[in-house]
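**Q** I'd like to go over a predicted model; first the sequence, then the structure.
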Amino acid sequence: MFRPLLLILIITTIISILLSLTPSTAFAQQIYEPTNESLSKHEVPEWFKDAKLGIFIHWGVYSVPGWAPLTGEQNKVIAERGWEYWFQHNPYAEWYYNSMKLEGSDTYKYHRATYGENFTYDDFIATFNAAITKWNPSQWAKLFSQVGARYVVLTTKHHDGFLLWPSKTTNQSGRVAARDIVGELTQAVRKQDMRMGLYYSGGIDWSKQDTTVTDFNTLVAAIIQEKAYAEYANGHWRELIDRYQPSILWNDLANLLTAISHLSCGMTLAILLVKQTRL
């Protein structure tokens with residue numbers, strides 16, 4: 001007779017306690033401030049510790065030619081032959097724009113033999129946008145889930161500056177994908193109970209600063225150190241966080257030493273971490 005009443009009382013008490021927790025109490029350990037001290041306390045989330053397999057997708061205008069030489073493992077090649085050799089024989093297809101400009105390089109020769117010397121990198125954009133009309137993000141997500149992936153990371157903008165989402169902060173008209181690839185894939189991935197992460201090239205953007213990379217020194221020189229560009233990139237980060245609330249936001253090659261003092265970059269990271277706790 002008393003056991004059902006006792007059980008009801010226990011359940012009612014637990015519910016009351018949970019309802020009494022305010023957002024600030026429930027997430028007391030996950031609220032971050034835009035300071036090094038606060039952000040340094042962020043810990044790797046439990047879901048990531050358990051995620052043994054993830055899918056990293058490089059997809060963009062460079063996927064149209066989809067070509068690069070088979071050079072070898074980066075560290076070994078650079079150690080034996082140097083940076084200049086590496087960039088002359090760059091095996092990364094996503095670097096196609098840079099490689100096709102290096103006279104005598106493998107990609108330079110391939111591009112001219114295949115497309116002609118007057119065919120520009122931007123001429124690939126129309127082909128890419130036409131091809132993605134047939135793209136089915138649900139098929140991708142189902143395949144990723146079937147192979148056991150627990151998270152997916154997509155390149156939202158690589159070094160060529162082409163955007164895979166309809167940003168309000170654009171650089172040049174026509175340099176945006178015809179579909180919201182980021183949004184559609186994010187939705188499909190989450191439907192398969194996987195986490196979605198986003199990659200963003202924050203250091204190099206050839207549509208903003210067209211520095212041809214030939215060696216290590218020019219690689220460093222290609223990393224943009226201007227306030228205007230930092231504001232441009234920061235606008236994109238905030239947009240990606242607000243629209244898609246990624247579980248991972250990986251910024252590549254960022255070294256905004258002269259510009260970071262002008263921006264609330266710490267605030268941007270704090271916003272991301274707070275939003276992640278609510279996913």
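**A** That came in fine, so what should we check first?

**Q** which strand residues sit across from the spatially most central residue of the chain in the sheet?
**A** Centroid-nearest residue in the chain, with C-alpha atoms, centre = their mean: Tyr199, separated by 0.9 Å. For Tyr199, the beta-bridge partners are Thr155, Trp250 (DSSP bridges).

**Q** Could you verify my assumption that it touches Thr156?
**A** Yes: using C-beta atoms under 8 Å, Tyr199 makes contact with Thr156 at a distance of 6.3 Å. C-beta: built from backbone N, CA, C; applies to glycine.

**Q** related to what we said a few turns ago, now do the contacts for the residue nearest to the centre of the chain.
**A** Contacts for Tyr199 (C-beta atoms under 8 Å, 6 or more residues apart in numbering) come out as Phe56, Val153, Leu154, Thr155, Thr156, His158, Trp250, Asp252.

**Q** Can you give me the distance of it to Trp83?
**A** Distance of Tyr199 to Trp83, computed by C-beta to C-beta, to the nearest Å: 23 Å.

**Q** now the helices: where do they sit in the stretch 1-150 of the chain?
**A** In the stretch 1-150 of the chain, the segments counted as helices under DSSP state H, counting those that start in this stretch are 2-20, 23-26, 36-39, 46-50, 74-81, 83-88, 96-99, 106-115, 124-131, 137-146.

**Q** What is the burial count for the closest residue to Met100 other than its chain neighbours?
**A** Among residues not flanking Met100 along the chain, His111 sits closest, at 4.4 Å (C-beta to C-beta, 6 or more residues apart in numbering). His111 has 21 neighbours, counted by other C-beta atoms under 10 Å.

**Q** mind checking how far His111 is from Gln172?
**A** To Gln172, His111 is 21 Å away according to C-beta to C-beta.

**Q** hmm, back to that, let me see the contact set for the residue nearest to Met100.
**A** Counting by C-beta under 8 Å, 6+ apart, the residues that His111 touches are Pro65, Met100, Phe119.

**Q** Report how many residues lie close to the last one.
**A** Neighbouring residues of Phe119 were enumerated by other C-beta under 10 Å; the total is 14.

**Q** Let's have the contacts of Tyr199 in TSV, adding distance to Glu94 and neighbour count.
**A** Output for these, formatted as TSV (distance: C-beta to C-beta, whole Å; neighbours: other C-beta atoms under 10 Å):
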residue	distance to Glu94	neighbour count
Phe56	11	12
Val153	14	21
Leu154	13	25
Thr155	7	23
Thr156	13	26
His158	5	25
Trp250	14	15
Asp252	11	14
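
**Q** a markdown table for those, including pLDDT and distance to Ala188?
**A** Shown next, in a markdown table, are the contacts of Tyr199 (pLDDT from 0 to 100; distance: C-beta to C-beta, whole Å):
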| residue | pLDDT | distance to Ala188 |
| --- | --- | --- |
| Phe56 | 97 | 16 |
| Val153 | 97 | 14 |
| Leu154 | 98 | 11 |
| Thr155 | 97 | 16 |
| Thr156 | 97 | 16 |
| His158 | 97 | 21 |
| Trp250 | 89 | 20 |
| Asp252 | 90 | 24 |
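
**Q** Kindly indicate which of those lies nearest Ser38.
**A** Taking C-beta to C-beta as the measure, Ser38 lies nearest Trp250 of the contacts of Tyr199, at 20.5 Å.

**Q** hang on, the closest one packs against Gly202?
**A** No: the criterion here is C-beta under 8 Å, and Trp250 misses it with Gly202 at 9.5 Å.

**Q** Quick check: neighbours shared by these two?
**A** Both Trp250 and Gly202 lack any common contacting residue under the criterion C-beta under 8 Å, 6+ apart.

**Q** Can you tell me how far Gly174 is from Asp193?
**A** On the measure of C-beta to C-beta, Gly174 and Asp193 end up 36 Å apart.

**Q** buried stuff in the helix or strand where Asn234 lies?
**A** Per DSSP states H and E, Asn234 falls inside helix 227-244. Residues 229-230, 232-234, 236-241, 243-244 are the ones in helix 227-244 that count as buried (16 or more other C-beta atoms under 10 Å).
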